[in-house]
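Student: Just a sequence and a predicted model for now, questions to come.
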Amino acid sequence: MSTEANTFVFMVKENHKKKNSQKDRSQPRMYDLEGYRRRVDSVIFRNEDREEVLLVSSRGSPGCWTLPGGGIEPKETFKAAAVREALEEAGVVCQAAESLGVFEDNDKMTRTEAICLTYCRDNRDDEQWADHHEWGRSRKWFTISEAIDILYSRQKTEKISYFSLAGCRSLNSPSLHDSFSDSSTVSSLSPSPCASFGSSLNDKPLTLTVSS
């Protein structure tokens, strides 16, 4: 990975947003110098015990749950992006805690920084919950074991390691390990060194270069 980890290429992709869309999806996508799209996942815990996590339904699929997340905007820090995605996709106000690391997907050419957030309150201005109005997105609190089951069933095993990195105590429960018959599922609760190659460490705005 380039030593200039905080230098990003600023590219504008074709805008596919719907007419009269409430959420502005025309923001340029952020790429690092190796061509990976940079994004964040918002890991929202209900309280400091970290026994429950907030998931949101996928666009147009009420029964499919996942973590809020999305791309980085220009001059935005990773933590600020995670807080914004929590507000836009889940309609909740959160406080950023720590980064869990950066996860690389070579197939999709993405590098995702997982950020722990602590829930503060539901947003009083419901109009800012853009994805609820535009896509019918819902939100729901799940126990860690429930969230792991859901993410595993959707083959999002890389996201399961977030809970281990966040120090969720429920991962040590024998009942959680007994609930999975596949031993590979249990091993995925612990992060692989190959899955995470570090984090932004500092929370400074990104330095941008413009790609013509």
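Tutor: Received the coordinates, thanks.

Student: Leaving out the residues flanking it, which one is nearest to Pro62?
Tutor: Nearest residue to Pro62, sequence neighbours excluded (C-beta to C-beta, 6 or more residues apart in numbering): Ser138, at 6.2 Å. C-betas here are computed from N, CA, C, even on glycine.

Student: Show the pLDDT at the one you found.
Tutor: Looking at Ser138, its pLDDT is 89.

Student: give me phi/psi at it?
Tutor: phi -110, psi 170 (degrees, to the nearest 10).

Student: For burial, what's the neighbour tally of it?
Tutor: By other C-beta atoms under 10 Å, 16 other residues sit near Ser138.

Student: For the protein, give me the ranges with low pLDDT.
Tutor: Filtered on pLDDT under 70, the chain yields the residue ranges 1-27, 124-136, 173-212.

Student: rerun at 90
Tutor: 1-29, 58-63, 75, 122-138, 154-158, 169-212 (pLDDT under 90).

Student: In it, mark out all the strands, start to finish.
Tutor: Along the chain, counting by DSSP state E, strands occupy 7-11, 29-32, 37-45, 52-58, 61-66, 69-71, 92-105, 110-122, 139-143, 207-210.

Student: Identify, out of these, the most deeply packed stretch.
Tutor: By mean neighbour count, with neighbours taken as mean count of other C-beta atoms under 10 Å, strand 37-45 ranks first of those at a mean of 24.

Student: Against which helices or strands is that one packed?
Tutor: strand 29-32, strand 52-58, strand 69-71, helix 78-85, strand 92-105, strand 110-122, helix 157-165 (3 or more C-beta pairs under 8 Å, 6 or more residues apart in numbering; DSSP states H and E).

Student: The same query, at a cut-off of 6 Å, please.
Tutor: If you count contacts as 3 or more C-beta pairs under 6 Å, 6 or more residues apart in numbering; DSSP states H and E, strand 37-45 packs onto strand 29-32, strand 69-71, helix 78-85, strand 110-122.
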